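Novice: the sequence and its predicted three-dimensional model are supplied below.
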Amino acid sequence: MSTVEAPGKKRAQIAARTLRTDNWRGYPIFVVVVFTAWVAYATVRAMMGKYYWVDEYHYLTPFYSPCVSESCVEGSAHFGTFLPKLPFFIPFAAISLPFLLLFRLTCYYYRKAYYRGYWASPSACAVREPHAKYTGERRFPLVGQNLHRYFWAIAAVISLINTYDALLAFHGKDGGFGIGLGSLILLANVVLLWGYTLSCHSCRHIVGGRLKNFSKHPVRYWAWGVVSKLNERHGQFALITLGSLVVADLYVALVSGGAISDLRIYN
């Protein structure tokens, strides 16, 4: 019977994999279904190379932000096109998507999710693992999980770019200010992305970590308290933003492709 044990420790030998009687398989199954579907959608859209920009209202999907390839359509490259035309398997937002992927892959919530869903390490609390030994995150590639704080910093910069994109989306038909349903969807998405980014454990540590006396740092203590409250909902933001990214991208794609018209609220 294979089981993971701490060196020098004895544990009760139980024939059953677990004594739990609740539906503990539900969470890992949910993770596999949702994550696999999301990765499939995001991969197809990132490589599609079209239906990502609505010139009339300046809507840019977050999957193509920032668009820095010479393949980007006119108007969508807010920061210039310093990359040449790329093959289809390299996204137009090649300088941001890899880091956002690494930010999520090394996130504490996502680590818990895919460790349980895909690796069964373990599938749930009090459920025996199928693995013969435990090496932790001390070897390649899992030792790279320790780079999460640096990926967080890059993700924060990309969130600023997404915020800029969302503000540009308040563009009217006559070139002035305007509000459409797409403007509100992109704005809501970026607010949720900030919720996910600021609720990160690394952000909490950067804001209030390594302080020996909070009373001497009242501003940081206040900020730490705010981030700590957000941190309690980090897992929820992690899941919600998967949905908000799909909604924002799909809406822009449908409007860009002419399948639907943008619902205009003002101008």
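Specialist: In hand now; what should we look at?
Novice: since we're on residue 178, how many residues are nearby?
Specialist: Other residues near residue 178 come to 20 when the count uses other Cβ atoms under 10 Å. In short, each C-beta sits where N, CA and C put it, glycine included.
Novice: go on, residue 60?
Specialist: Residue 60, neighbours per other Cβ under 10 Å, totals 30.
Novice: which residues touch it?
Specialist: Residues near residue 60 by Cβ atoms under 8 Å, 6 or more residues apart in numbering: 52, 53, 54, 67, 76, 78, 165, 168, 169, 252.
Novice: among the residues you listed, which are in strands?
Specialist: Judged by DSSP state E, the contacts of residue 60 include 53, 54 as members of strands.
Novice: all strands for the stretch 151-267 of the chain, in order.
Specialist: Secondary structure of the stretch 151-267 of the chain (DSSP state E, counting those that start in this stretch): strands located at 179-180, 264-266.
Novice: quick one: strands adjacent to the first one?
Specialist: To tie it back to what came earlier, the one meant is strand 179-180. When sheet partners are counted by DSSP bridges, strand 179-180 sits next to strand 264-266 (antiparallel).
Novice: distance between the partner strand and the chain's centre?
Specialist: Put simply, strand 264-266 sits 30 Å off its chain's centre (Cα atoms, centre = their mean, to the nearest Å).
Novice: what's near enough to touch the residue nearest the centre of the chain?
Specialist: Geometric centre of the chain, nearest residue: residue 104, 5.1 Å, by Cα atoms, centre = their mean. The contact partners of residue 104, taken as Cβ under 8 Å, 6+ apart, are 110, 238.
Novice: now swap in the one 4 residues further on and tell me
Specialist: Taking Cβ under 8 Å, 6+ apart as the contact definition, residue 108 lies against 148, 201, 234.
Novice: what distance do you get for residue 161 to residue 78?
Specialist: Residue 161 sits 8 Å away from residue 78, going by Cβ to Cβ, to the nearest Å.
Novice: now do the helices in this structure.
Specialist: For the chain, the helices defined by DSSP state H occupy 26-48, 97-105, 108-117, 148-168, 181-198, 201-208, 218-231, 234-256.
Novice: save the ones you listed as JSON lines, and put in mean pLDDT and distance to residue 139 too.
Specialist: Formatted as JSON lines, the helices of the chain follow (pLDDT from 0 to 100; distance: least, Cβ to Cβ, whole Å):
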{"stretch": "helix 26-48", "mean pLDDT": "96", "distance to residue 139": "24"}
{"stretch": "helix 97-105", "mean pLDDT": "96", "distance to residue 139": "16"}
{"stretch": "helix 108-117", "mean pLDDT": "94", "distance to residue 139": "15"}
{"stretch": "helix 148-168", "mean pLDDT": "97", "distance to residue 139": "17"}
{"stretch": "helix 181-198", "mean pLDDT": "98", "distance to residue 139": "28"}
{"stretch": "helix 201-208", "mean pLDDT": "92", "distance to residue 139": "22"}
{"stretch": "helix 218-231", "mean pLDDT": "94", "distance to residue 139": "28"}
{"stretch": "helix 234-256", "mean pLDDT": "97", "distance to residue 139": "26"}
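Novice: so which of these gets nearest residue 82?
Specialist: For residue 82, the closest of the helices of the chain is helix 148-168, at 14.6 Å, according to Cβ to Cβ.
Novice: in this structure residue 240 contacts residue 189, no?
Specialist: No - applying Cβ atoms under 8 Å as the test, residue 240 and residue 189 come out as separate, 9.9 Å apart.
Novice: pLDDT value on the closest residue in space to residue 142 that isn't next to it in sequence, please?
Specialist: Using Cβ to Cβ, 6 or more residues apart in numbering and skipping residues adjacent in sequence, the residue nearest residue 142 is residue 136, 7.6 Å away. Residue 136 carries a pLDDT value of 77.
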